[in-house]
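**Student:** the following block contains a protein sequence and its predicted model.
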Amino acid sequence: MRKFSIYILGLFLTIAISSCRDKNDNFVAFSLEQDLELGQQVSNEIESDPATYPILDDSEYADAYAYFGNLVDAILESGEVEYRDEFAWEFKIIADDSVLNAFATPGGYIYVYTGLIKYLDQEDDLMGVLGHEIAHADLRHTSRNLQRIYGLQILLSLLVGENPSQLETIAAQIAGTASGLAFSREFESEADDRSVEYLAETRYACNGTAGFFQKLVDQGQAGGTPEFLSTHPSPDNRVEDINKKADEIGCSTTPLNPTTYEDFKNMLPQ
């Protein structure tokens, strides 16, 4: 009888999991609530460690955050972000000029380092990076990664509420690696493509993400791509793929090149 009950439970859970298709039609065993909970826990871990993550105070740097927020909002209001209304979409600037990095946690918490902001040449390039990171969250890449890493057994225990502390453990691991979990070639390409689709519905150059990679190539730093954008495929291949996607959509690749981007950089700690 016990074996039969276990079989029935397993069958029920298998059926439930097989029906876990999200808004992007991807299989995600984590519920939306668990995504939000995990993202909040990762955010708490990050903000409790100012030595590792020196986040700029949003009151002291109100002008910088207002500028930054307008960029984020332009993407969120593009009509292309599937979880626009469900996720938190909070953003923070981390004060470290030595780090070319940005990352997103589940539930839409976005972090960008001052080093990356100052490295980029124009607003369109930063919009491309933001689009890429928003895409990682919106496509639920971290949760989909966790499925691959932790496997069915742990996911089942989370789904039925048997191991609530597991999410806390996972959150600490993600926060401890700064960029969370390394993404596959597939996920990086998905985020690149989705960034183009987001920006195509804004006034910015839809291939903005390519600007960052092109600068790396031009400066001979192709082998030193920051972890957040991965080293696979290579920067020059990604420039080609992003521009190809832009051509397929037929969206504008002309940058705004506003002088206000320099003003934004000057709002940050010097």
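**Tutor:** Here it is on my side, so go on. Residues are numbered from 1 along each chain as shown.
**Student:** for the helix or strand containing residue 215, enumerate the helices and strands it packs against.
**Tutor:** Following DSSP states H and E, one finds residue 215 within helix 208-218. The helices and strands touching helix 208-218, judged by 3 or more Cβ pairs under 8 Å, 6 or more residues apart in numbering; DSSP states H and E, are helix 123-138, helix 185-200, helix 235-249. To be clear about C-beta, it is placed using only N, CA and C from the backbone, and glycine gets the same treatment.
**Student:** got the buried residues for that helix?
**Tutor:** 208-214, 216-217 (16 or more other Cβ atoms under 10 Å).
**Student:** list the contacts of that helix.
**Tutor:** 119-122, 124-129, 131-132, 192, 195-196, 199, 205, 222, 224-225, 229, 235-236, 238-239, 242-243, 255 (Cβ atoms under 8 Å, 6 or more residues apart in numbering).
**Student:** what is the orientation angle of that helix with helix 123-138?
**Tutor:** In terms of direction (axes from the mean of the first three to the mean of the last three Cα atoms, to 10 degrees), helix 208-218 departs from helix 123-138 by 110 degrees.
**Student:** of the contacts of helix 208-218, buried ones?
**Tutor:** 119-120, 122, 124-129, 131-132, 192, 195-196, 199, 205, 222, 225, 229, 235, 238-239, 242-243, 255.
**Student:** can you pull the poorly scored residue ranges out of this structure?
**Tutor:** 1-20, 29, 150-168, 173, 176-181, 221-233 (pLDDT under 70).
**Student:** which parts of it are helices?
**Tutor:** Secondary structure of the chain (DSSP state H): helices at 2-18, 32-47, 62-76, 114-119, 123-138, 141-159, 165-176, 185-200, 208-218, 235-249, 260-267.
**Student:** winner for burial among those?
**Tutor:** helix 123-138 (a mean of 26; mean count of other Cβ atoms under 10 Å).
**Student:** does anything pack onto it? Which helices or strands?
**Tutor:** helix 62-76, strand 102-105, strand 109-113, helix 185-200, helix 208-218, helix 260-267.
**Student:** change it to 6 Å
**Tutor:** helix 62-76, strand 102-105, helix 185-200, helix 208-218 (3 or more Cβ pairs under 6 Å, 6 or more residues apart in numbering; DSSP states H and E).
**Student:** among the ones you listed, which comes closest to residue 269?
**Tutor:** helix 62-76 (9.5 Å; Cβ to Cβ).
**Student:** hmm, who's touching the closest one?
**Tutor:** 58, 84, 89, 91, 127, 131, 134, 198, 202, 264, 267-268 (Cβ atoms under 6 Å, 6 or more residues apart in numbering).
**Student:** burial of residue 25, as a residue count?
**Tutor:** For residue 25, the count of nearby residues is 7 (other Cβ atoms under 10 Å).
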